[in-house]
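Student: with the input below, show me the fold.
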Amino acid sequence: MAPAKPIAVGITNTPASDAALMWAAARADRLKAPLAVVTVVDDRWMASEVLPYFEVLRESGLGLLREAGEKVSAAYPGLSLSLKLLEGGVGSALGAYSKEAAMLVLGTSGHSRGALTDRALQAAATAECPVAVIGGGQEAGRGVFVGVDGSEESTQAVAYAAAEADMLGEELTVLYAFTGPNRWIAAGLPSSSFATHVLEEEQIVLAETEAGLRQDYPDLTVHTVMETVVEPAAALVRAASGARLLVLGSRGKGGFERLLLGSTVHAVLAQPPCPTIITRMHVPQHGD
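Tutor: Below is the predicted model:
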């Protein structure tokens with residue numbers, strides 16, 4: 001049997017990084033999985049004349065890893081732990097390393113800027129495994145929330161969220177947020193039976209999602225919510241405030257990370273309301 005892939009946590013010297021470290025350690029301990037603590041030394045701008053400075057950065061990174069390892073070992077003495085220093089661009093290095101991990105855990109900046117330079121957004125956009133983004137100062141909440149939109153990506157996110165809720169003994173809330181038809185009517189479209197028809201169609205999508213979950217997880221308490229007024233990202237942030245976990249789906253194709261993640265996921269990750277997992281689209285391979 002192949003060894004289990006580790007839960008990997010990328011660390012920096014920030015409070016959110018500390019929160020991500022302990023969240024990852026707790027998850028690894030609960031799942032009896034190994035934990036890999038990694039940090040990245042960005043060497044993209046290093047020329048030969050500044051190599052001594054680069055060695056200082058490497059030593060600083062190694063010190064950060066040792067400190068993190070000691071903290072984890074003190075809290076979870078039986079946990080299988082490894083420390084790894086990566087080099088290169090932060091987003092690309094973590095994205096490449098994600099091939100070796102079962103999950104990549106990162107701390108967020110905690111600022112709602114959503115810029116392409118945000119390290120958590122960069123890595124979440126390129127990772128090939130689920131990515132958990134943890135904010136500093138987030139209290140342990142209750143309930144698992146998942147955002148859906150009828151796409152195949154969100155269908156797989158729902159399955160992932162249901163498994164998480166079942167494992168954690170939490171209730172699951174499925175939130176379907178889309179802007180319409182009230183907004184369309186307000187914009188001047190006729191308020192005929194079209195609006196009612198749209199809502200009925202979307203209610204069917206939500207009902208089918210819930211029915212499948214009840215069949216797979218008969219003991220799981222499932223709530224469904226439809227939001228047609230507030231923008232999807234704002235609705236998710238508001239609903240999952242104080243939750244134990246929020247799950248969102250993303251395909252990951254290539255290109256700019258906002259497109260790669262999807263605008264809703266991108267907006268939520270700018271300042272996640274609770275620990276947030278971005279699942280990756282699983283494309284069945286021949287023989288699956």
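Student: after the helix or strand hosting Leu206 comes which helix or strand?
Tutor: Assigned by DSSP states H and E, Leu206 belongs to helix 193-216. Toward the C-terminal end, the helix or strand that comes next after helix 193-216 (DSSP H and E) is strand 222-227.
Student: neighbouring strands - and their directions - for that next one?
Tutor: strand 172-177 (parallel) (DSSP bridges).
Student: mean confidence score for the partner strand?
Tutor: Strand 172-177 shows a mean pLDDT of 89.
Student: same question, stretch 133-151
Tutor: pLDDT averaged over stretch 133-151 gives 83.
Student: end to end, how far does that stretch reach?
Tutor: 22 Å (C-alpha to C-alpha, to the nearest Å).
Student: identify each buried residue in it, please.
Tutor: Going by neighbour count (16 or more other C-beta atoms under 10 Å), the buried part of stretch 133-151 is 133-135, 138, 141, 143-150. C-beta: built from backbone N, CA, C; applies to glycine.
Student: what helices or strands is the strand or helix carrying Ala20 leaning on?
Tutor: Element membership for Ala20 (DSSP H and E) is helix 15-31. On a contact count with 3 or more C-beta pairs under 8 Å, 6 or more residues apart in numbering; DSSP states H and E, helix 15-31 meets strand 7-10, strand 35-41, helix 51-75, strand 103-107, strand 131-134.
Student: identify the residues contacting stretch 91-106?
Tutor: By C-beta atoms under 8 Å, 6 or more residues apart in numbering, the residues outside stretch 91-106 that reach it are 4-10, 20-21, 23-24, 27, 33, 36, 38, 40, 84, 86-88, 119-120, 122-134, 277.
Student: ranking helices and strands of the protein by mean pLDDT, which lands last?
Tutor: helix 257-261 (a mean of 43; mean pLDDT, DSSP states H and E).
Student: quick check: next helix or strand after it?
Tutor: helix 263-270.
Student: so Thr279 touches Glu128, yeah?
Tutor: No - when contacts are counted by C-beta atoms under 8 Å, Thr279 is not listed as touching Glu128 (11.6 Å).
Student: out of those two, which sits in the busier spot?
Tutor: Neighbour totals were compared for Thr279 and Glu128, and Thr279 leads with 23 against 15 (other C-beta atoms under 10 Å).
Student: SS state for the more buried one?
Tutor: Secondary structure, DSSP: H, G, I helix; E, B strand; the rest coil: Thr279 is strand.
Student: okay, and the beta partners of it?
Tutor: Gly249.
Student: distance of it from Ser82?
Tutor: Going from Thr279 to Ser82 by C-beta to C-beta, to the nearest Å gives 25 Å.
Student: run through who's touching stretch 153-173.
Tutor: 130, 142-148, 174, 209, 213, 216-217, 219-225, 239, 243-245, 247-251, 277, 279, 281-282.
Student: show me which residues of it are buried.
Tutor: Across stretch 153-173, burial judged by 16+ other C-beta under 10 Å covers 153-166, 170, 172-173.
Student: so of those, which ones are in strands?
Tutor: Using DSSP state E, 172-173 are the members of the buried residues of stretch 153-173 that sit in strands.
Student: and the contacts of stretch 153-173, which are buried?
Tutor: 130, 143-148, 174, 209, 213, 217, 220, 222, 224, 239, 243-245, 247-251, 277, 279, 281.
Student: residue contacts, Val90?
Tutor: Contacts of Val90 (C-beta under 8 Å, 6+ apart): 10, 40, 42, 119, 122-123.
Student: where is pLDDT lowest across those?
Tutor: Arg119 (65).
Student: restricting to C-alpha, output stretch 58-70 in PDB.
Tutor: Extracted in PDB, the C-alpha atoms of stretch 58-70 (Å, rounded to 0.1, in the frame of the first residue of the first chain):
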ATOM      1  CA  ARG A  58      17.400  30.200   3.900                       C
ATOM      2  CA  GLU A  59      18.500  30.100   7.500                       C
ATOM      3  CA  SER A  60      15.600  32.200   8.500                       C
ATOM      4  CA  GLY A  61      13.200  29.800   6.800                       C
ATOM      5  CA  LEU A  62      14.800  26.800   8.400                       C
ATOM      6  CA  GLY A  63      14.500  28.500  11.800                       C
ATOM      7  CA  LEU A  64      10.800  29.200  11.100                       C
ATOM      8  CA  LEU A  65      10.300  25.500  10.200                       C
ATOM      9  CA  ARG A  66      12.100  24.300  13.400                       C
ATOM     10  CA  GLU A  67      10.000  26.600  15.600                       C
ATOM     11  CA  ALA A  68       6.800  25.400  13.900                       C
ATOM     12  CA  GLY A  69       7.900  21.800  14.300                       C
ATOM     13  CA  GLU A  70       8.500  22.300  18.000                       C
END
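Student: right, I'll leave it there.
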